[in-house]
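Q: sequence and predicted structure, then a few things I'm wondering about:
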Amino acid sequence: MWLGQPGCGTVLRYVVRMRSSVRTAALGGVIGPAGFVGAWVIGASVTSSPYSSIDDAISRLAAVGSDTRWLMTAGFVTFGVSLPVFASALRSSLPGRAWITAAATGVATLAVAAAPLDRSETIDRMHGVFAGIGYLTLAATPLLAAAPLRAIGHHRLAQSGIAAGLTSVTALALTTTGHWTGLFQRVGLSVSDAWIVATALTVVRGVRHCVAQPS
């Protein structure tokens, strides 16, 4: 296992064989967050419905009857498909179980998209369960990755992962107060998404680094 680790000549043969597929899969960690965040930013800007990014949950942009439902649903699906792809690159690049929670985040997000708000009370409850699972697994991903990252010398990425994960957990807890739900949700999701993007780019650079410096 490696993630741009110095002295990676011992895995050169593996890298040469897998570099293209791993690099491509890692880009899922860039495409997914970009599509997800872009959808909620644009959706909140163009919706004709009364909507507050501070007070209203992101999922309201994809609610039944919303004029931005197609846009936000596309954002959910982009994120939901891309995260398991990124998880496959993370599994090949980093020891530990962070890849499992990354993949679970994607699956939960697809379930959120399939259970939009305002269809029925039952669907609303299911939506809440799926969203909660996705949020928790997203926050857990950088926390689970911290120790393996530190072990291979990526101290800054490990530290930022701990900060991102704890911030996400705190923000998730604050959304249950009913105050500034949209703001806390966006903060919690954004910090972990930013960590995913940074990690994905590190995987891409790591592949190239290993190939460029054979032993």
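A: Arrived safely. Numbers count the residues shown, from 1 in each chain.
Q: over to Thr66: give its phi and psi.
A: Quick fix: residue 66 is Ser, not Thr. Main-chain dihedrals, Ser66, degrees, to the nearest 10: phi -70, psi 140.
Q: need the contact list for it.
A: Residues in contact with Ser66 (Cβ atoms under 8 Å, 6 or more residues apart in numbering) are 47, 49, 60, 72. All C-beta spots, glycine's among them, are computed from the backbone N, C-alpha and C.
Q: hmm, try it at 10 Å
A: By Cβ atoms under 10 Å, 6 or more residues apart in numbering, the residues touching Ser66 are 43, 47-49, 51, 59-60, 72-73, 116-118.
Q: thought Ser82 was touching Val107?
A: No: Ser82 lies out of contact with Val107 (Cβ atoms under 10 Å); the separation is 11.9 Å.
Q: distance of Gly188 relative to Pro84?
A: Taking Cβ to Cβ, to the nearest Å as the measure, Gly188 falls 21 Å from Pro84.
Q: cool, and Ser190?
A: Relative to Pro84, and taking Cβ to Cβ, Ser190 is found at 21 Å.
Q: the spatially most central residue of the chain: helix or strand, and which one exactly?
A: The residue lying closest to the centre of the chain (Cα atoms, centre = their mean) is Asp193, at 4.6 Å. For Asp193, the host element (DSSP states H and E) is helix 181-212.
Q: and the contacts of Ser66, which are buried?
A: For those, a burial check counting by 16 or more other Cβ atoms under 10 Å picks out 43, 47, 51, 59-60, 72-73, 116-118.
Q: restricted to strands, list these.
A: Using DSSP state E, no member of the buried ones among the contacts of Ser66 sits in strands.
Q: surely Gly43 meets Ala63?
A: No: the criterion here is Cβ under 10 Å, and Gly43 misses it with Ala63 at 11.0 Å.
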